[in-house]
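Colleague: coordinates only, no sequence provided:
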């Protein structure tokens, strides 16, 4: 079900009954309340919500909330069968990634994003219905589902990343980027030379670009090329007039601007993806907006941060799982059967890996590499490794393995001085208010290798018998 832009994507979501339209929502905290209300209703679909007639704004100036909060919508975005099983998804995505062509974006001279162009005194970021999501947020965050475009000053490689973007005034934004992220590396390189950085940000676009900007792709790999490979044709881009950066031609809203080393403003607080205010307010770099471009009746992509039990983290978890599967194989870890980054633990903070044990130390090797590989290292907390007879997407099975196969004295291993960041809620800031390191717990919930043949046999009903019983008696149970 291929789509060219956000509007075609919404049409397909509507056909899947995955989209609802809501009129009259206020930009001040009502959007996140609406998102949470829908998320807590477990009897209904976690719909994407298109908010129109937003209080104080013209009809047609819209915000699309939670575009990638369900498996069918993520699958649709990647041109998979929307009915794919969760257990299959990571492997299908990994297969697709491994066979992807790297398709460089196609530069075009025109596109819908140029329907309206504002420069100089005509720029007003408050002319767009940027939400304030929660009571303690430090301002209105136009960028939560956005992608920020930057260029490596040495190689010219273009990166797309998803970072929070706050409005300060009509022509000034700020963007919070954690130290290990690629745009931060670009910015630090330029600022160290006393130079400013050119920046462009898209605030509404094909959700495929949001997936790409959230994926933990290796340094030097362009998300444009990755997204083009997924789509099967190059992403059309326009060279932005002030910065020369490539911007998506079909974006709903794009700004370009300049980030200067001498210009910082207090940013935050902001309720983050893990469900806490963990970074307070701090000085961060700004973007002085030099142009604002948008389509007629523009749409902002919004991803409210909620408590992880209802947060829309499914898309980030699934992408991370596929990338980590590949990284473990390249690190020489064999027979990995499944990986899960648990949504309810803020995705990064609890990972589960199932393996078929092949040799002594295999289970610890798998868990250690997962906890420290490129896509698994940032702000992790616990990694549980289980045998391949455990369904890691069934919480009860994981807890059963944890409770029955692990002896705490021998099964728990602590890693120290691991990669953390300023948003880690469990690490107390030091005197300089920075959070540099955290620790990791590896919990080996596999049958102990050295006496696995003696381990008690699990009570189990053969699958063939379960199918036969269902065939024979299933109708009676539902009559």
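Modeller: Noted; the coordinates are in hand. Keep in mind it's a predicted model, so treat the numbers as computed, not measured. Numbering: from 1, shown residues only.
Colleague: confirm for me that residue 265 is in contact with residue 281.
Modeller: No. Between residue 265 and residue 281 there is no contact under Cβ atoms under 8 Å: 9.9 Å. For the C-beta atoms, the positions are set from N, CA and C on the backbone; glycine is no exception.
Colleague: overlap in contacts, these two.
Modeller: Common neighbours of residue 265 and residue 281 (criterion: Cβ atoms under 8 Å, 6 or more residues apart in numbering): none identified.
Colleague: so where's this structure uncertain?
Modeller: For the chain, the stretches with pLDDT under 70 are 1, 308-313, 431-434, 479.
Colleague: list the contacts for residue 363?
Modeller: So residue 363 contacts 355, 357, 385, 444, 446, 449 (Cβ under 8 Å, 6+ apart).
Colleague: ok, now with 10 Å
Modeller: Residues in contact with residue 363 (Cβ atoms under 10 Å, 6 or more residues apart in numbering) are 353, 355, 357, 385-387, 411, 442, 444-449.
Colleague: any of those buried? List them.
Modeller: 353, 355, 357, 385-387, 411, 442, 444-449 (16 or more other Cβ atoms under 10 Å).
Colleague: any chance of those in CSV, plus distance to residue 324 and secondary structure?
Modeller: Formatted as CSV, the buried ones among the contacts of residue 363 follow (distance: Cβ to Cβ, whole Å; DSSP: H, G, I helix; E, B strand; the rest coil):
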residue, distance to residue 324, secondary structure
353, 9, strand
355, 13, strand
357, 19, coil
385, 13, strand
386, 16, strand
387, 19, strand
411, 22, helix
442, 15, strand
444, 18, strand
445, 18, coil
446, 18, coil
447, 23, coil
448, 25, coil
449, 23, helix
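Colleague: name the nearest of those relative to residue 300.
Modeller: The shortest approach to residue 300 among the buried ones among the contacts of residue 363 belongs to residue 353, at 36.7 Å (Cβ to Cβ).
Colleague: just to check, that closest one is in contact with residue 362?
Modeller: No. Look at residue 353 against residue 362 with Cβ atoms under 10 Å: they stay out of range, at 11.1 Å.
Colleague: so what sits against both of these two?
Modeller: By Cβ under 10 Å, 6+ apart, the residues touching both residue 353 and residue 362 are 333, 385, 446.
Colleague: tell me the one of those nearest residue 416?
Modeller: residue 385 (19.1 Å).
Colleague: okay, and the closest residue to the closest one other than its chain neighbours sits in which element?
Modeller: Spatially, and ignoring its direct neighbours in sequence, residue 385 is nearest to residue 367 (4.3 Å; Cβ to Cβ, 6 or more residues apart in numbering). Assigned by DSSP states H and E, residue 367 belongs to helix 362-372.
Colleague: which strand or helix spans the nearest residue to residue 131 once chain neighbours are set aside?
Modeller: Leaving aside its sequence neighbours, residue 131 sits nearest to residue 31 (Cβ to Cβ, 6+ apart; 4.7 Å). Applying DSSP H and E as the criterion places residue 31 in helix 30-40.
Colleague: given the helix or strand containing residue 201, what are its sheet partners and their directions?
Modeller: Here residue 201 sits within strand 197-204, counting by DSSP H and E. Strand 197-204 has its sheet partners listed here by DSSP bridges as strand 147-151 (antiparallel), strand 253-259 (antiparallel).
Colleague: quick check: next helix or strand after it?
Modeller: Following strand 197-204 in sequence, per DSSP H and E, is helix 207-214.
Colleague: please consider this matter closed, and thank you.
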